[in-house]
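# please find the sequence and the predicted model below.
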Amino acid sequence: MDHELDFRLRLILGVALISIMVGGTADLLMDRPQTWLSFHVVFETLMIAGALVMATTLWLGWWRSAQSVVALQGSLEKQSAERDAWKASANAALEGLGRAIDAQFRTWHLTPTEREVALMLLKGYGHKEIAALTHRSERTVRQHAGVVYEKAGLAGRAELAAYFLNDLMLPEGEREPAPIVDRPHVNAMGV
């Protein structure tokens, strides 16, 4: 909710409840009742007490909400700082990995176009996707991929990915054994 609208709502409700309390109290005093146990006096007193309880309840609710907003903002700032720190760390690691991958591509004597296709294959893009992204035909992309595999001495995309990622592991002491998962049988049609 907009802060200005929230403030206006609080002000209107506060004025209304204070008006009920002040008006009811003034009415009681101006009536100068003979007895304080008449219906009119009890009714007015209950109205004043109800307005007071309502005003107190609303004020406490608003105060708790404001405290909750402050706590949430603090939590969001902390999460943002953690995210930014992780991104910086990850970017440094990825930059180093990117340089290492490019160095290996150069060792294999890949052309700039072949390096681009090989990197996109590593990222998981298919031939059609690479063709669309690089504005080449799918046939050309397949030819570049084939040359990459031939120059690298690899059988295909899986071996290319394994070449760079096979030894990638979590740091010692933080690894847990991989769970054994029963995978459903998939036939040649993918079913």
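Good, I have the coordinates.
# quick one: the lowest-mean-pLDDT helix or strand in the chain to chain centroid distance?
Ranking every helix and strand in the chain by mean pLDDT, DSSP states H and E puts helix 3-31 at the bottom, with a mean of 80. The chain centroid and the centroid of helix 3-31 are separated by 42 Å under C-alpha atoms, centre = their mean, to the nearest Å.
# packing partners of that helix?
For helix 3-31, the elements it packs on are helix 39-107, judged by 3 or more C-beta pairs under 8 Å, 6 or more residues apart in numbering; DSSP states H and E. (Glycine included, C-beta is placed from N, CA and C.)
# list the helices and strands the helix it packs on packs on?
Checking 3+ C-beta pairs under 8 Å, 6+ apart, helix 39-107 ends up next to helix 3-31, helix 112-122, helix 157-165.
# deepest in the core, which of those helices is it.
Of the helices and strands packed on helix 39-107, the one with the most neighbours on average (mean count of other C-beta atoms under 10 Å) is helix 112-122, at a mean of 19.
# what's next to that helix, contact-wise?
101-102, 105-106, 110, 129-130, 133-134, 141, 144-145, 147-148, 151, 157, 160-161, 164 (C-beta atoms under 8 Å, 6 or more residues apart in numbering).
# picking that back up, just put the helices and strands packed on helix 39-107 in a markdown table and tack on distance to residue 44.
Output for these, formatted as a markdown table (distance: least, C-beta to C-beta, whole Å):
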| stretch | distance to residue 44 |
| --- | --- |
| helix 3-31 | 5 |
| helix 112-122 | 79 |
| helix 157-165 | 79 |
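# circling back: give the buried subset of the contacts of helix 112-122 as a ChimeraX selection command.
Buried subset of the contacts of helix 112-122, written as a ChimeraX selection, criterion 16 or more other C-beta atoms under 10 Å:
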select :101,105,110,130,134,141,144,145,147,148,151,157,160
